[in-house]
Every structure is written in structure tokens, then in C-alpha cells.
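Visitor: Turn this into a structure:
(2 chains)
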Amino acid sequence: MMLSTLLVLSTLAASPDPSEDVVRDVPTRHQLSLYARSGATVYLSQARTHGGVGGGFGVRDTVDERWLLQADANVLTGLGTAFAVRVGAGVQRRGWWAPAALVALTGLFGERMDFLTPEHPTFNGGPSLGLGLTLAPARFRLGSARVSLLELGVGVGTARTGLGLLYGLTVLEVGVAL
Amino acid sequence: MRLLFAALLFLAVSSCASRPALDEAALSRAGDFSAGVERARLMADVEALVDAHLKDTPLDCGLFTPSEIDTARRPVCNLTRERARQLVRERFESLGYTVTTHDVADPRFPTSNVIAELRGTERPDEVVVVGAHYDAYFAGADDNSSGVAAMLELARLASGRRFARTVRFVGFDLEELGLVGSTRYVQALSSERIVASLVFDCIGYKDARPGAQQGLPGFPIPDTGDFLAAIANEQSGPRLEELYTLGSRLGSPNLVRGVMVPEDGTGPATGNLMRSDHAPFWMAGQSALFLTDTANFRNPNYHKDTDDPSTLDPDFLADVTRVSAAALAFWAEGSRP
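Guide: Numbering: from 1, shown residues only, chains lettered A, B, ... in the order given. The predicted structure is shown next:
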């Protein structure tokens, strides 16, 4: 995954920028935006299944129309009520079509399914944490709004009980610039 | 940022779970109690229950609308219960229990749960329930003569013994038609405190060949059907850990695999875990552990006329019953002569 991650990030970072000559000497520009998303997040390991479907809200800082810093909080249901907090950083293509790739740290809290096995003979508390890559290929700028469809994420994580896999799917994300 | 950090810290700390610490004296008593389980007696009870079902008259098929029922999955015209109920009642009585019934008159589906109780010597208002449904399709060897036989064996071992808490054995009626008897039983519960419940449903089938065990998405289970699934709600999560530890300490370290579901188990991903008489207990917020060989996820004879005693694994059934007996003694705080 590391190689593909680097490849995607470098490709996006090196995409042509029509206004590069104009902005070269301009100070760093920050664009804050709020966004809402819906989708699913699930963490799977031998000791627990955590997550569900739902949605949430987040805030994003877009630096120089290129770099992304964001954080969001989500409520998930399906396996009880769980909460997902994501903090991510990434890069996007400039222009109206703005596919992006993000590296995100996800924490899952709240209710879940726990398993007892010979390898995990007691229930372990605490959140499920995962670090992964999210790709957003269908992401568009429409005036001051941004719309993203079908973002996919995958990562690895831990819940004090060995490694697990973290999967993320964003069906729709809509953001507005502040 | 501080607020976010504090919220994350609170959520992390509040989701921590406790760990079981078993008292060695209680563990020893539980081990002694469970050592009395007899494999031959269990299988003899299975045979007797199967014989009762085969000689019984099925429920009137006219009670059902065939076009509304998948009769391959629920062969309602082959459901029997009367003779099995009588057998359970007579067995309880022969063991010296005073037997009561919880009867509900209903024009279409009247039910009669059979109850035998051993009053606790120190905390009689705290109750440990052991239950199994006695109605069955066809011969019903695994589903659920295996579970009823385990309940009868635990009743035999507990007979004449003393426990700090009340021990109650319940034969549930009409589980196969939608948990009818157990639902009515739970609805009629008084304010007593149920500290633990064990519900047996299909506990005698084992197939250790790779590929014999089917799974469900999100459930990390092996593909060999050689384990007992113990399924808990949040209230019974500590009981599940204790059951697991008892199994490990008493010589069956790989027998039990446990699942604890959130809330009352009614979420869309956990529907398959609600398919027995523990479900009404969960929905009422009561502690209940569901013990099963996973039924149709392992047993090809499920709800078929091939569900006969020759398909069961007597050693597996005995192991499950021993672990359950240990758990009963541990939770009821006994046994003493």
C-alpha cells in the first residue's frame, strides 16, 4: 500500500496548475470549509467488529488550493451506536475536477460486537484506531461548494487486541467554503 | 482542541471492560459439580425425547396458512410438543422438584412452560435460569432434544443440593413458532433479579471438517464446526467471560467461542443471533446467554426429518453440558450438600 500511496500523492501534487505563475509569490492561502458526509466505516479484527453506517460533519482547511487538512466526527449505527472521529491530511488536484487522496487517522468509539476466542480470552475496552488511505476520485468544485461521490478508504488498525482492518466508504460528501 | 481531547479521553475510558477474576474455592466447587455429568445419561435423554416427538401428534396443520409460511424452513405441520412436555415434567418430579407451569390460554396457540425451582438458601430473590425449548420439528434430536437433555442433566445434578441463589429450570413451549413461550414467560416475570440465564438451543452437533462451519459477515469464526457458540448481550457479557474462563480452567480450552452484541441485539447486523429463547430476555434488559452449535450454519439436518440422535456427537454434548454445569454452580454459588 505504501508504494501506491506515494504514487497517488505524488501524481496529485504534480498535477498542472494554470495559475502557478500568478500565485508563486503570493503568501500561503487558507480556505476553511465545512462539510457533511454520509457513508460507512467498519473495523474488523479477530476480537471485535466496530462501526456501521451513518454520517457526520467536519471542517477542512485547504491550503493553496492544493493541500488538505481536515477533521470530522460521525455517528454510526447498525452495530449499536458508535462514533467515528477522523483526522486527515492529503492533497487534491486543482480545478473543477479535484480528486484527492488523504491519509487519515480514524478512532472508533462506542458500541460494537466483541468476540472471545482462544487468542482473545477476555473483552478489551477502548477505542478502535486505524490509519489508512482514502481516495476520492469523483470530487468536484461547484462555485463555493464541493461535492464528492464514492470515496473509498482502507487501513490497518489496532484495538489493543492485535491488528485489524479498517474500511471506509463515503457515499456523498458536500462542503461549503466559509 | 482541549474539549475534543477531553471528549476522546472520556469515550476511551468509559468503554473499558472489566475482567473476570474467579474465586478458586468457587471454581473448585463448580468443577466438582460439573464432573457429575454423564454422557450416557445425556444421550439416553435425547433418545427418550426423540421417541416422544416421533410418537406425538403434530400441531393441527389447519392453524397455519401454508402460502404464508416457508415450510421448507419451518415445517410447521411436523411440530410436536405434548409428549416432550410430559416427559420433562415427569423427569423434574422424579428428581424431587415441585413442578409448576406457566400457562397462557390462547385460542390459537396456548402455551405451557414447565418450571422446576430450587430455592436459594441465602439470596432467594436472585435467580439463575436454565432454559431450553421442548417443542421440535420431526425427531428434533439436535433441535432441541440436545438442549432439553442438558437442562435435565443439570437438574439431576442440582437435585438435593443447596445453592445460595435460586436455580430455576424452564422448559419453554413453542419456540419454533416465534419464541412464543419464552416471550410470554418474560412478560410475566416479577421484580426478582435474574443474575444469569443459560438458554440451550441445538448443542449436540459437531463437524470438525474444514468447510463444515458457515459464517456470517463480520463474525471471525473458524470454518470447522467444533466449537460452542456462546452469545451474550451487554448485561450478560461478564457471565460470558466467566463461562469462557470456566471452560478453559476445567479442561475445555477451545470449546467456547463467544460473541457479545451491543444493546439488546436487535440491530440489523445481529438478527441471526436473536433466534432463540434468550431474545425475549435481552429485549427486557435481562441477562441471558445463548448456547448453540450454530444450528443451520453447521448442521445440514436442521429442521429436517434427518435430525436424529445418530447425527449427534455425544462427547461434544457432554463437554457443553459440563461447562454449563460449572457455570450454573458458579453463578448460583454452590453447590453444597
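Visitor: leaving aside the residues next to it on the chain, what's closest to the residue lying farthest from the centre of chain A?
Guide: Distance from the C-alpha centroid of chain A peaks at residue A:118, with 33.4 Å (C-alpha atoms, centre = their mean). Nearest residue to residue A:118 in three dimensions, chain neighbours excluded: residue B:254, at 5.5 Å (C-beta to C-beta, 6 or more residues apart in numbering or on different chains). For glycine as for every other residue, the C-beta is placed from the backbone atoms N, C-alpha and C.
Visitor: now do residue B:170
Guide: Per C-beta to C-beta, 6+ apart, closest to residue B:170 is residue B:131, 4.3 Å.
Visitor: what sits against that neighbour?
Guide: The contact partners of residue B:131, by C-beta atoms under 8 Å, 6 or more residues apart in numbering or on different chains, come to B:151, B:169, B:170, B:171, B:172, B:182, B:197, B:198, B:199, B:200, B:277.
Visitor: for chain B, longest helix please?
Guide: helix B:314-332 (DSSP state H).
Visitor: just the CA coordinates of that helix, formatted as PDB?
Guide: Output in PDB follows, covering the C-alpha atoms of helix B:314-332 (Å, rounded to 0.1, in the frame of the first residue of the first chain):
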ATOM      1  CA  PRO B 314     -22.100 -37.400  22.400                       C
ATOM      2  CA  ASP B 315     -18.700 -36.200  23.600                       C
ATOM      3  CA  PHE B 316     -19.400 -32.700  22.300                       C
ATOM      4  CA  LEU B 317     -22.800 -32.600  24.000                       C
ATOM      5  CA  ALA B 318     -21.200 -33.800  27.300                       C
ATOM      6  CA  ASP B 319     -18.500 -31.200  27.100                       C
ATOM      7  CA  VAL B 320     -21.000 -28.500  26.500                       C
ATOM      8  CA  THR B 321     -23.100 -29.700  29.400                       C
ATOM      9  CA  ARG B 322     -20.100 -29.900  31.800                       C
ATOM     10  CA  VAL B 323     -19.100 -26.300  31.100                       C
ATOM     11  CA  SER B 324     -22.700 -25.300  31.600                       C
ATOM     12  CA  ALA B 325     -23.000 -27.200  34.800                       C
ATOM     13  CA  ALA B 326     -19.800 -25.400  36.100                       C
ATOM     14  CA  ALA B 327     -21.300 -22.100  35.100                       C
ATOM     15  CA  LEU B 328     -24.600 -22.900  36.900                       C
ATOM     16  CA  ALA B 329     -22.800 -23.800  40.100                       C
ATOM     17  CA  PHE B 330     -20.500 -20.800  39.900                       C
ATOM     18  CA  TRP B 331     -23.300 -18.300  39.400                       C
ATOM     19  CA  ALA B 332     -25.800 -19.900  41.800                       C
END
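Visitor: Tell me how many other residues surround residue B:119.
Guide: Counted with other C-beta atoms under 10 Å in any protein chain shown, the neighbours of residue B:119 add up to 13.
Visitor: cool, and residue B:205?
Guide: By other C-beta under 10 Å, neighbour count at residue B:205 equals 26.
Visitor: Then residue B:107?
Guide: 5.
Visitor: my read: the residue nearest to residue A:118 touches residue A:119, true?
Guide: No: with contact defined as C-beta atoms under 8 Å, residue B:254 does not reach residue A:119; the gap is 10.7 Å.
Visitor: and residue A:89, what are its bridge partners?
Guide: residue A:69, residue A:103 (DSSP bridges).
Visitor: and it, what does it touch?
Guide: A:67, A:68, A:69, A:70, A:102, A:103, A:104.
Visitor: go again using 7 Å as the cut-off
Guide: Going by C-beta atoms under 7 Å, 6 or more residues apart in numbering or on different chains, residue A:89 touches A:68, A:69, A:102, A:103.
Visitor: Output those as TSV; include the columns neighbour count.
Guide: Shown next, in TSV, are the contacts of residue A:89 (neighbours: other C-beta atoms under 10 Å in any protein chain shown):
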residue	neighbour count
A:68	20
A:69	16
A:102	22
A:103	17
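Visitor: What is the most widely separated pair among those?
Guide: Using C-beta to C-beta, the pair of the contacts of residue A:89 lying farthest apart is A:69 and A:103, separated by 11.0 Å.
Visitor: ok so, going back, which neighbouring elements make contact with the longest helix of chain B?
Guide: helix B:24-34, helix B:39-55, strand B:123-133, helix B:147-158, strand B:165-172, strand B:193-200, helix B:237-249 (3 or more C-beta pairs under 7 Å, 6 or more residues apart in numbering or on different chains; DSSP states H and E).
Visitor: got the angle between it and strand B:193-200?
Guide: With axes from the mean of the first three to the mean of the last three C-alpha atoms, to 10 degrees applied, the angle from helix B:314-332 to strand B:193-200 works out at 180 degrees.
Visitor: quick one: buried residues of helix B:314-332?
Guide: If you call a residue buried by 16 or more other C-beta atoms under 10 Å in any protein chain shown, then helix B:314-332 has these buried ones: B:314, B:316-332.
Visitor: cool, stretch B:171-182 as well?
Guide: B:171, B:172, B:173, B:174, B:175, B:176, B:177, B:179, B:180, B:181, B:182.
Visitor: Output the residues you listed as JSON lines; include the columns distance to residue B:232.
Guide: Listed next are the buried residues of stretch B:171-182 as JSON lines, based on distance: C-beta to C-beta, whole Å:
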{"residue": "B:171", "distance to residue B:232": "22"}
{"residue": "B:172", "distance to residue B:232": "19"}
{"residue": "B:173", "distance to residue B:232": "24"}
{"residue": "B:174", "distance to residue B:232": "24"}
{"residue": "B:175", "distance to residue B:232": "19"}
{"residue": "B:176", "distance to residue B:232": "23"}
{"residue": "B:177", "distance to residue B:232": "25"}
{"residue": "B:179", "distance to residue B:232": "18"}
{"residue": "B:180", "distance to residue B:232": "23"}
{"residue": "B:181", "distance to residue B:232": "22"}
{"residue": "B:182", "distance to residue B:232": "17"}
